[in-house]
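> I need the structure of the sequence given here:
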Amino acid sequence: MSNTISAADFAMDALAGVGATERSTSNTIPVDDWLRRIDGEYLSTFIRDGGASIKFAVTSDDSIRKLHDAVERLCRARDCVFVALDAAKLRAHMPQDLFFGLARQVEWRRLARRLILRLAAERGYRIDGIDPRDDGNVFEAVGALNNGLESIFVLNEIRTPVQEKVSRNRKMVRDFRAAMTHLCLNENVRGEGGYAARPVLDWLTGENTRVGNVRPFGIYTGINRTTARYMIESGLHWIRQAGCSGTVVLLDNRRVTVARNPKDGLRYYTRAMAMDHYELLREFIDGVDRLAGTLMIVATGEGFLDDGPGSGSRGFGIYEALKTRVMDDVRDRNLVNPVASLVRLS
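Purely as a prediction, here's the structure:
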């Protein structure tokens, strides 16, 4: 007999009093086993080569910290940028909050230095021994390694390739390209003193969202609900262009599924907010080909699997478009598919 569950099997189970969602999530996989498959099938190959994927992992409150720490270790080993977002602390239904949450964890100046060093190497300059994590003048460091050239000379040499590969890179939106260009060209300083592109960093991280502060840098658009998703896509592309293997975003959305407001000082999501969050996830899934070199892991709880129609539900059943994209039509009765869109972790 076949070991798979078809749509007809689901219908028979429902008549027998067994819900399809309950049946489909009865099996679990250990966190370590799942992460080994994620590393082998995605991080070390598919993501590194520029692919993108979104996974949903149903986990317990006790396991979320283990998942967080394990994924962070994998990212360090694979030279990926790790970003952890928590729906309890930011508005997970607002794309601009997701971008600001990501931007505050990205070392933008370090990425700019990585790109500068790559461009310098392509121009024939020696860069061995220069650490992009050092906050010194990277142009001065390159010049010192190459017969004591002046930093301004190295800057002028790098200016043209920066304009060609950053300012004109159509895979990033115009304002983001302008921001990254100025971050690169303003690395001709030592430390934080006199750093002229501070308004750009404040604009990226949401510390100061006033567009007037960044107009001198050729930036004319705010980061809001309309523009944020394009900024996220641009940021993920930039991380790879700067030389990283990719990005892993761990989004803990368990708070979204809480039906009653516990009034504990953390964010609470109404049904409408939960639907907005699920719609945003659905948009990411549908546009996954634009998330360059990215693995997004949505860590969620059992409440996410609630597909009841009641007004108190916060599960993905309230937004059918997401549910149909996450659940598999056919699955094994006894074995968990470790690369499925949704898995339950033990």
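
> got the contact list for the residue positioned nearest the centre of the chain?
Per Cα atoms, centre = their mean, the C-alpha nearest to the average position across the chain is that of V249, at 3.6 Å. By Cβ atoms under 8 Å, 6 or more residues apart in numbering, the residues touching V249 are V83, L85, L102, T294, L295, M296, I297. C-beta: built from backbone N, CA, C; applies to glycine.

> and the first one, how many neighbours does it have?
Going back to what we said before, that points to V83. 24 (other Cβ atoms under 10 Å).

> who touches stretch 277-289?
52-54, 87, 92-93, 95, 98, 229, 233, 253, 256, 269, 291, 296, 298, 316, 318-319, 321-322, 325.

> Any regions of the stretch 151-300 of the chain where pLDDT drops low?
190-193 (pLDDT under 70).

> what about 80?
189-194 (pLDDT under 80).

> and this protein, what are its domains?
28-94+226-344, 108-217 (automatic domain parsing).

> from the chain's centre, how far out does the last one sit?
Between the centre of domain 108-217 and the centre of its chain there are 23 Å (Cα atoms, centre = their mean, to the nearest Å).

> And it, end to end?
The separation between the terminal residues of domain 108-217, taken as Cα to Cα, to the nearest Å, is 16 Å.

> ditto for stretch 238-253
Per Cα to Cα, stretch 238-253 runs 26 Å from first to last residue.

> What residues sit buried inside that stretch?
For stretch 238-253, burial by neighbour count (16 or more other Cβ atoms under 10 Å) applies to 238-242, 244-253.

> Restricted to helices, list the residues you listed.
Those of the buried residues of stretch 238-253 mapping onto helices are W238, I239, R240, Q241, per DSSP state H.

> Can you tell me which of those is nearest I116?
Q241 (12.0 Å; Cβ to Cβ).

> Chain neighbours aside, what residue packs nearest to that closest one?
Distances taken as Cβ to Cβ, 6 or more residues apart in numbering put L115 closest to Q241, at 6.7 Å, once the chain neighbours are dropped.

> ok, now E233?
E233's closest residue in space is R290 (Cβ to Cβ, 6+ apart), at 4.8 Å.

> Over to N261?
Y268 (4.4 Å).

> Specify the local secondary structure of the one you found.
coil (DSSP: H, G, I helix; E, B strand; the rest coil).

> burial measure for it, as a count.
Neighbours around Y268, by other Cβ under 10 Å: 16.

> quick one: it from V288, how far?
Per Cβ to Cβ, to the nearest Å, Y268 is found 29 Å from V288.

> Quick check: I38 touching K55?
Yes. I38 lies in contact with K55 (Cβ atoms under 8 Å); the separation is 7.3 Å.

> what's the overlap in contacts for these two?
L295, I297.

> who's more crowded, the two?
When neighbours are counted by other Cβ under 10 Å, I38 comes out ahead of the other of I38 and K55, with 24 against 19.
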